[in-house]
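> Everything below, folded, please.
(2 chains)
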Amino acid sequence: MTDLVNVAFNAEGYMTDPNQWTKELAEILARQEGIDILTPEHWRIIDFCRTSGLASGKAPTLRQITVGTGISIKDLFALYPKGPAKKVAKIAGLGKPEGCV
Amino acid sequence: METEQRKIAFICSKGDLDMAYPALVMGWAALGNGIDVTIFFTFWGMDMITKDRQKHLELAPVANTSMKMRLMGLPTGTLGIPNLMGILPGMTAFTSWFMKKKMAKVGAPPVDEYLQMMVDAGAHLYACKMSVDMFGLKKEDFVEGVEDIVTASDFMDMTEGSQIIFI
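Residues are numbered from 1 along each chain as shown, chains lettered A, B, ... in the order given. This next block holds a predicted model:
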């Protein structure tokens, strides 16, 4: 099932039910965010965000991602240019990240 | 879906610890939203990028009307820290230490680390030529990440189309 029609999004484009998320869906959402191919490095970040987001109920912030995965800020911005935390949250089927750091 | 790239420029003119944070917090948020960020450091704001000052920014309790004793958890209502007490040796160090602790508690990194994060995320840092001349500083006095020393006119050129925030 990789049909976006049956997936619920809010007005800002974040999925409202993380349980509807699938890996296939992530590929489609990534393309919408301008990332054509999800490499293993991309997936490492998505997997962390899924785990952290589902456990806490909140999508992780930039700093939580870098601290949690050990990835450098430079690499994170290179993998997900222009707003990595928000992009990953969208691709990972999570809500908008809250928090300032 | 491609719209015009949003750009924000901050002018940091203060070297106090509390005045360092607005540009850091807002600039980091801007980078997180895919907005281009440029920071121009002028006058005392250059302390934020000067190697031997960056880690030692302070917050003085004297003449600071917002510094209330309750910040330290004392049940003193809106009573301020008396200026007379603020002049005691070590008081500025104490309030600075205290503010740093408060910042760390909300997850905000120290100034040096914050700025480096921003540089890594693509922010551009510049020092003000006139201030540099006035204080007798050189490019080597600044931390890595400061790209250049530029004039006010250069700043105007490089921030065309930017939203500008003066701090």
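> Specify the local secondary structure of the residue of chain A found nearest chain B.
Of all residues in chain A, A:Lys82 sits closest to chain B, at 3.0 Å by Cβ to the nearest Cβ. In this view, the C-beta of every residue, glycine as well, is placed from N, C-alpha and C. What DSSP: H, G, I helix; E, B strand; the rest coil gives for A:Lys82 is coil.
> Phi and psi next, for it.
When read as degrees, to the nearest 10, the backbone of A:Lys82 gives phi 60, psi 80.
> contacting residues for it?
In this structure, A:Lys82 makes contact with B:Gly34, judged by Cβ atoms under 8 Å, 6 or more residues apart in numbering or on different chains.
> now swap in B:Ile167 and tell me
Counting by Cβ under 8 Å, 6+ apart, B:Ile167 touches B:Phe10, B:Ile11, B:Cys12, B:Ser13, B:Lys14, B:Met19, B:Pro22, B:Ala23, B:Gly45.
> Can you say which of those residues are buried?
Among those, those classed as buried by 16 or more other Cβ atoms under 10 Å in any protein chain shown are B:Phe10, B:Ile11, B:Cys12, B:Ser13, B:Lys14, B:Met19, B:Ala23, B:Gly45.
> what's the closest of the contacts of B:Ile167 to B:Pro109?
B:Ala23 (13.9 Å; Cβ to Cβ).
> Thought B:Phe10 was touching that closest one, still the case?
Yes. At 4.1 Å, B:Ala23 counts as touching B:Phe10 under the criterion of Cβ atoms under 8 Å.
> Let's check: the centremost residue of the chain is which one?
I'll assume chain A. The C-alpha lying nearest the average C-alpha coordinate of chain A belongs to A:Val88 (Cα atoms, centre = their mean; 2.3 Å).
> Switch to chain B, please.
Nearest to the mean C-alpha position of chain B, by Cα atoms, centre = their mean, lies B:Ala20 at 2.0 Å.
> quick one: that one and B:Pro110, what's the gap?
Noted for B:Ala20: a distance of 10 Å to B:Pro110, by Cβ to Cβ, to the nearest Å.
> give me every residue that touches residue 59.
Using chain A here. When contacts are counted by Cβ under 8 Å, 6+ apart, A:Ala59 is found next to A:Cys49, A:Gly53, A:Ala85, A:Val88, A:Ala89, A:Ala92, A:Leu94, A:Gly95, A:Lys96, A:Pro97, A:Glu98.
> To clarify, I was referring to chain B.
Contacts of B:Leu59 by Cβ under 8 Å, 6+ apart are B:Asp16, B:Leu17, B:Asp18, B:Thr92, B:Thr95, B:Ser96, B:Met99.
> contacting residues around the closest residue to chain A within chain B?
In chain B, no residue comes nearer to chain A than B:Gly34, which is 3.0 Å away by Cβ to the nearest Cβ. Residues near B:Gly34 by Cβ under 8 Å, 6+ apart: A:Pro81, A:Lys82, A:Gly83, A:Lys86, B:Arg6.
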